[in-house]
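A.B. asks: Next come a sequence and a model predicted from it.
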Amino acid sequence: MIAAMEHRRSTDSVSTDFTVASLEGVNKNYGEVRALRGVNFQVRAGEVVALLGPNGAGKTTAVKLLLGLMPPNAGRVRVFGGDPTNPANRTRTGAMLQVGRVPETLRVREHIDLFSTYYQNPMPAEKILAAAGLEKLRDRKFGELSGGQWQRVLFALAICGDPDLLFLDEPTVGLDVEARRLLWDEIRHLVGRGKTVLLTTHYLQEADALADRIAVINKGEIIAEGTPAEIKARTSGKRIRCITTLDLQRLRQIAGVTEVKEDREAVDIHAREAESVVRELLACDATLSGLEVTSGGLEDAFLALTQDTVRNGDRSN
Amino acid sequence: MSTATMVLSNIRSERSPQHTARIYVKEAKYEFLKNLRLRVYTASVLSFPLMFYVLFGLVLNAKEAIGGLRVPTYLIATYGTFGVMGASLFGTAAGLASDRGLGWLQVKRASPMPPFAYFTAKVVTSMIFSTIIVLALFALGLIFGGVRMPVAEFARLLGTLVAGSLPFSAMGLAIGYFAGPNSAPPTINLIYLPMSFCSGLWVPFMFLPKVVRQIALVLPPYHLSQLALGVVGAGGHESNAAHWEVLLAFTMICLGVARIGFQRDQGKLYG
């Protein structure tokens, strides 16, 4: 078997063999809104992939397509090599979605009991309660829980069937630091048992802490993909802001400039290194004013990658 | 290595019939518990028909008769219809609209739950609450109103009314698919209360104005109440078959509408 795998690896078909979920050229529109545009994305067996992006970027849409909750307008969605709506696939996947309200008069253990019944080989209730940190809350009604406790119940429902593939949509929203760490540990534990996880988040820190691979999504398009180290490297340039008479075309020609954008009266320039770019800017434009150079941490770098959306205040979804 | 074999082997896991049955039973059990603990539901759905019956059937008109039938007996049939209709409409529409609108139904749909189990649970729960209401009305009539009828007749009355839960459950599913989580309860009231009045569930049918009586001919609660009244010996001149046909046609139309909503949901995002 190992030999066979080595063989496949050498023939370069390994990535398709090990893909457990994929979006291929997927478009998804809600009326006029184009939520996903030509997205290609794979989740491979045994890895944790983070779909990282601001609110409204299309993360939740991607997850819902992979769960077969709606069809794409174009392209193909595959899970375990088949249709995501296939009932046999659904017994092998678990999902934690963002929910506005859950039946509030049922107790935590009752919700878990019901969802466990759906699966072929559910985990024992005690293990589920322990994994989600719900032992003390088992007899509480859902309506009596706090927001963070809600999230833990939804996580419990996602893992109760002991699924091979887990979709977690913004799993740590509303959790305090301690609960977040607990959930991270639990996700790592699942991966240690050979599970595959796709999680969405808008915290780079979370993606960095958990993921083997990060796909950055913004305005319905994947704008960067790679290991956390690669993403950080890609986004860790400098940001130069100034008011200049030079046109955008000219600015883009300066060596080391990766991106140029107009922002109100000024321009935002992203560059791998600031010094050479600033030198040339000052040489070319004697009237240049309002010069700022920032380097920013990880979160800033992520903001830089997805800045358009944030600036436009696009916070739908 | 283990993950590789896990993914490559395509596990064709067919569910055993026993497992499927267990899912249906659990789904219905928790749906029932959920509604039983929901005070808004039990308070409005159980207490209104019982309160009306005590007031108009036992306190006020207990000695009167309508069309040769004693009022306490007559009103079991009409308030029974009223109760069944309320339990079924609220039991299906309100829960479905809020599950749909607030994302819970998507969590269920993403799970391996058979979709039909979800709907069956709602319909079965409505039928159980319908049974409870009819039994409670009868118990009140028996103890405080001197209502007497043969066991077989009561069984037919109960069976008719509980079967009558189906058209209203179907209607509730249709409403639940097209009303929002907050607009569902007022929408139900807007349909439920006028329909009850026009069908002669509050004021006996023959005392209603002629134009209202004509409207009633197309209303399902009128036909269900006439069937129930027929069992206790106060039916109208139409045949039972005609009443059942109207109820069946109404059920099919509502299921058709609900189906459109169900299919629309598969391609749409809510919340």
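C.D. replies: Nice, I can see it. On a predicted model such as this, the values are computed, not experimentally measured, just so you know.
A.B. asks: Mind listing what's buried along stretch A:108-125?
C.D. replies: A:108-120, A:122-123 (16 or more other CB atoms under 10 Å in any protein chain shown). Using the backbone N, CA and C atoms, a C-beta is placed for each residue, glycine as well.
A.B. asks: helix/strand/coil for the nearest residue to A:Asn73 once chain neighbours are set aside?
C.D. replies: Closest residue to A:Asn73 apart from its sequence neighbours, by CB to CB, 6 or more residues apart in numbering or on different chains: A:Asn27 at 4.7 Å. Following DSSP: H, G, I helix; E, B strand; the rest coil, we place A:Asn27 in the strand state.
A.B. asks: again with B:Phe32
C.D. replies: Under three-state DSSP, B:Phe32 comes out as helix.
A.B. asks: show me the contacts for it.
C.D. replies: Counting by CB atoms under 8 Å, 6 or more residues apart in numbering or on different chains, B:Phe32 touches B:121, B:124-125, B:128.
A.B. asks: quick one on the thing from earlier: quick one: which two of the buried residues of stretch A:108-125 are the most distant?
C.D. replies: Largest separation among the buried residues of stretch A:108-125 by CB to CB: A:Val108 and A:Gln120, giving 22.7 Å.
A.B. asks: And the residue nearest the centre of chain B?
C.D. replies: B:Ser88 (2.0 Å; CA atoms, centre = their mean).
A.B. asks: ok, now chain A?
C.D. replies: Short answer for chain A (CA atoms, centre = their mean): A:Leu51, at 1.8 Å.
A.B. asks: Quick check: beta-bridge partners of it?
C.D. replies: Beta-bridge partners for A:Leu51, by DSSP bridges, are A:Thr200, A:Ala215.
A.B. asks: Please tell me I have it right and it contacts A:Thr61.
C.D. replies: No - A:Leu51 sits out of contact with A:Thr61 when judged by CB atoms under 8 Å, with a separation of 10.3 Å.
A.B. asks: quick one: A:His116 and chain B, what's the gap?
C.D. replies: Quick fix: residue A:116 reads Ser, not His. Distance of A:Ser116 to chain B, given as CB to the nearest CB, to the nearest Å: 9 Å.
A.B. asks: My read is that that residue contacts A:Leu129, right?
C.D. replies: No - with contacts counted by CB under 8 Å, A:Ser116 stays clear of A:Leu129, the gap being 11.2 Å.
A.B. asks: Overlap in contacts, A:Leu51 and A:Thr61.
C.D. replies: With CB under 8 Å, 6+ apart as the test, A:Leu51 and A:Thr61 reach no residue in common.
A.B. asks: about what we covered before: my read: the residue nearest to A:Asn73 touches A:Leu36, true?
C.D. replies: Yes - if you go by CB under 8 Å, A:Asn27 and A:Leu36 touch, sitting 6.0 Å apart.
A.B. asks: Between the two, which contacts overlap?
C.D. replies: With CB under 8 Å, 6+ apart, A:Asn27 and A:Leu36 have common neighbours A:Pro72.
A.B. asks: These two: which has the busier surroundings?
C.D. replies: A:Leu36 (26 against 16; other CB atoms under 10 Å in any protein chain shown).
A.B. asks: In contact with the closest residue to that one other than its chain neighbours, which residues?
C.D. replies: For A:Leu36, ignoring the flanking residues on the chain, the nearest one in space by CB to CB, 6+ apart is A:Lys28 at 4.2 Å. Contacts for A:Lys28 (CB under 8 Å, 6+ apart) come out as A:34-36, A:58, A:61, A:65, A:70, A:72-73, A:220.
A.B. asks: From A:Ser289, how far off is A:Lys28?
C.D. replies: If you measure A:Lys28 against A:Ser289 using CB to CB, to the nearest Å, the figure is 44 Å.
A.B. asks: What of B:His243?
C.D. replies: 86 Å.
A.B. asks: higher neighbour count, the two?
C.D. replies: B:His243 (23 against 9).
A.B. asks: Remind me which helix or strand that one belongs to.
C.D. replies: Assessed by DSSP states H and E, B:His243 sits inside helix B:240-266.
A.B. asks: what's that helix packed up against?
C.D. replies: helix B:165-178, helix B:220-231 (3 or more CB pairs under 8 Å, 6 or more residues apart in numbering or on different chains; DSSP states H and E).
A.B. asks: Now B:Leu50. Nearest residue, chain neighbours left out?
C.D. replies: B:Ala136 is the one closest to B:Leu50 (CB to CB, 6+ apart), at 5.8 Å.
A.B. asks: The one you found falls within a helix, correct?
C.D. replies: Yes - when classified by three-state DSSP, B:Ala136 is found to be part of a helix.
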